[in-house]
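> Turn this into a structure:
(one chain, ligands or ions: 1)
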Amino acid sequence: MGERLTHGATPAPAAGGEPGAREADALPVVLECRGLSIRFGGLVALSDFNLTLRQGELVGLIGPNGAGKTTVFNLITGIYRPTAGDIRLFDRSIVGLRPHRITQLGVARTFQNIRLFGNMTVLDNVRTAFHSRTRTGVIPAILRTRGFHAEEQAVTRRALELLETLRLSHRAEELARNLPYGEQRRLEIARALATGPRVLLLDEPAAGMNPSESRELRDLIEEVHRRFGLTTLLIEHHMDVVMSVCQRVVVLDYGRTIAVGTPDQVRRNPAVIAAYLGEEAG
Ligand SMILES: Nc1ncnc2c1ncn2[C@@H]1O[C@H](COP(=O)(O)OP(=O)(O)OP(=O)(O)O)[C@@H](O)[C@H]1O
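Predicted structure coming up:
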């Protein structure tokens, strides 16, 4: 962990309450997980998980290794189907929908293990992500109609704008696989944004970054969040990133929610400290 969790005098918020959410209570609910559970054979990877994300919130999802964080993302994006519970996007259940349909409905994610088209240029990586939502079908693409060309130009223009936001314009024509690691992570975020999401799920975007890269990424996450007004759920082991950008933090341990609160509340929570100390000891 980049920054230590320290003991403090403030009483811990109870798990299940959402104290940090109060200010945002009036905003519309975008995504809701209700009583979400999943088991793999005998292992309960996630148990009775509840989360309400309101419009424009930036919420952190933290916990020791194997706590169930990526499982939450895999459930929300339709890669896994829950054993119990419901996931609602704009109050409509998305359980059982295919991942590409969930993307079309406005949920985008990045992956812990970067997934790019390494042999494509940086620009083409973003352009292909745009195509997951553009209207042009196969026939106009083959016939190269006027509408097809106009749409291609619009996609290229918007892809270049996104690259500029993610500070990757200078790499547009390079192959994705030749980018330094930190820039590949930023390209993943550009690809996620190109799908036109309402909800952005970031899975350890600062993984493997040095302190100055992770500081830069933190600023970028804040900028993207502000500029696009996206409801964002952030999994991150770099505590300095989570604690400085998130309005609210949910803490998992062994698939259970052990704390929910403001960054300050969770960093002082004895159960959270114990979970992380246990991880270090183990
Ligand atoms: N498809 C699967 N089959 C079997 N077990 C799985 C599967 N996916 C996840 N698990 C298990 O579920 C638990 C939670 O995994 P998950 O990847 O969600 O943890 P995490 O909190 O994201 O961990 P990390 O910080 O190490 O990425 C782990 O014990 C993991 O081995």
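
> near the ligand, which residues of this protein show up?
By CB under 6 Å from any ligand atom, the part of the chain that sits against the ligand consists of 40, 43, 45, 63, 65-71, 112. Backbone N, C-alpha and C define where each C-beta goes, glycine included.

> again, 5 Å this time
Residues of the chain found near the ligand (CB under 5 Å from any ligand atom) are 40, 45, 65-71.

> Relative to A159, which of those is nearest.
Nearest to A159 among the residues of the chain next to the ligand is T70, at 27.6 Å by CB to CB.

> Now do the closest one, the pLDDT please.
pLDDT for T70: 97.

> for A281, same thing?
For A281, pLDDT reads 55.

> go on, E213?
87.

> thinking again about what came up before, pick out the most distant pair among the residues of the chain next to the ligand.
Going by CB to CB, the pair spanning the residues of the chain next to the ligand furthest: F40 and N65, at 16.0 Å.

> Compare these two (neighbour count), which wins?
Of the pair F40 and N65, F40 is the one with more neighbours under other CB atoms under 10 Å, namely 11 against 8.

> Beta-bridge partners for that one, please?
L43 (DSSP bridges).

> What's the separation between it and L46?
Going from F40 to L46 by CB to CB, to the nearest Å gives 10 Å.

> With the ligand as the reference, measure out to the nearest residue to D86 once chain neighbours are set aside.
Residue nearest to D86 in three dimensions, not counting chain neighbours: R34, with 4.7 Å by CB to CB, 6 or more residues apart in numbering. As judged by CB to the nearest ligand atom, to the nearest Å, R34 and the ligand stand 19 Å apart.

> quick one: buried residues of stretch 201-209?
Buried residues in stretch 201-209, counted by 16 or more other CB atoms under 10 Å: 201-207, 209.

> Drop anything exposed from the residues of the chain next to the ligand.
45, 67-71.

> Quote the end-to-end distance of stretch 187-201.
Terminal residues of stretch 187-201 lie 15 Å apart, using CA to CA, to the nearest Å.

> who does L51 bridge with?
C33.

> Return the residues in contact with it.
31-33, 59, 72, 233, 250 (CB atoms under 8 Å, 6 or more residues apart in numbering).

> ok, longest helix in the protein?
helix 146-165 (DSSP state H).

> Does anything pack onto the helix or strand following that one? Which helices or strands?
With elements assigned by DSSP states H and E, the helix or strand that comes after helix 146-165 is helix 181-194. Packing partners of helix 181-194 (3 or more CB pairs under 8 Å, 6 or more residues apart in numbering; DSSP states H and E): strand 107-109, helix 122-131, helix 146-165, strand 199-203, helix 211-228.

> For the second one, buried residues please.
This means helix 122-131. 122-127, 129-130.

> what distance separates it from the centre of its chain?
Relative to its chain's centre, helix 122-131 lies at 19 Å (CA atoms, centre = their mean, to the nearest Å).

> With the third one instead?
Shown here is helix 146-165, whose average C-alpha point lies 24 Å from the average C-alpha point of the whole chain (CA atoms, centre = their mean).

> That one versus helix 122-131: what angle between them?
When axes from the mean of the first three to the mean of the last three CA atoms, to 10 degrees is applied, the directions of helix 146-165 and helix 122-131 differ by 120 degrees.

> Let me know the angle separating helix 146-165 from helix 211-228.
Using the same axes, to 10 degrees: helix 146-165 against helix 211-228 is 130 degrees.
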